[in-house]
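S.K.: no sequence for this one, just the structure:
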């Protein structure tokens, strides 16, 4: 089991620093605007919560589509609530047993848990970087996610649709920068 709460709390803490006036601004996450990234986070919270609970249905039985460019009123409170529910769902030992479904893909629950944690952690970095906010992850999370993402770092066929080509940074690079580089993002990205 991995503790989601440190990561979900960290991402929730970024929301007040997101300017409504800049929601159409860029992010390090491909072509997503800030609003699209936030909509993606809103959706992935539902999908991975359903996965943790062993549910199937409209939130997790198909790959995510292109996120909308507009946000509904109250999105900050809604995303903060969904992040908390996600952390609680993966805080249950049963979430890490058997198989889990998200994005139309079934994986062993321990692997799906790492996918979920990685999604929240890395998209949290995307949001922090796009909005000029500081962002850190705890050592245990960084270690687990770096090992997880590094597994297929040199197999671009396995990464297609998930990550860009991995950027292999020197061993003395900051641990968060190494994780971000492995996802194909430039750790020095700025808007």
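M.R.: Okay, I see it. What you are looking at is a predicted structure, and each value in this text was computed from that prediction instead of being measured.

S.K.: Which residue ranges of this protein form helices?
M.R.: 5-12, 34-52, 75-90, 109-131, 139-150, 156-159, 175-182 (DSSP state H).

S.K.: CSV for these, including mean neighbour count, mean pLDDT and distance to residue 25?
M.R.: Placement of C-beta: from N, CA and C, glycine included. Formatted as CSV, these follow (neighbours: other C-beta atoms under 10 Å; pLDDT from 0 to 100; distance: least, C-beta to C-beta, whole Å):
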stretch, mean neighbour count, mean pLDDT, distance to residue 25
helix 5-12, 19, 98, 18
helix 34-52, 23, 98, 5
helix 75-90, 19, 98, 16
helix 109-131, 22, 97, 6
helix 139-150, 17, 95, 26
helix 156-159, 12, 68, 26
helix 175-182, 21, 95, 19
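
S.K.: who wins for proximity to residue 66 among the ones you listed?
M.R.: Evaluated with C-beta to C-beta, those place helix 34-52 nearest to residue 66, the distance being 7.6 Å.

S.K.: Helix 75-90 and the closest one, what's the angle between them?
M.R.: Relative orientation of helix 34-52 and helix 75-90, computed by axes from the mean of the first three to the mean of the last three C-alpha atoms, to 10 degrees: 30 degrees.

S.K.: could you say what helices and strands helix 34-52 packs with?
M.R.: Counting contacts by 3 or more C-beta pairs under 8 Å, 6 or more residues apart in numbering; DSSP states H and E, helix 34-52 packs against helix 75-90, strand 99-102, helix 109-131.
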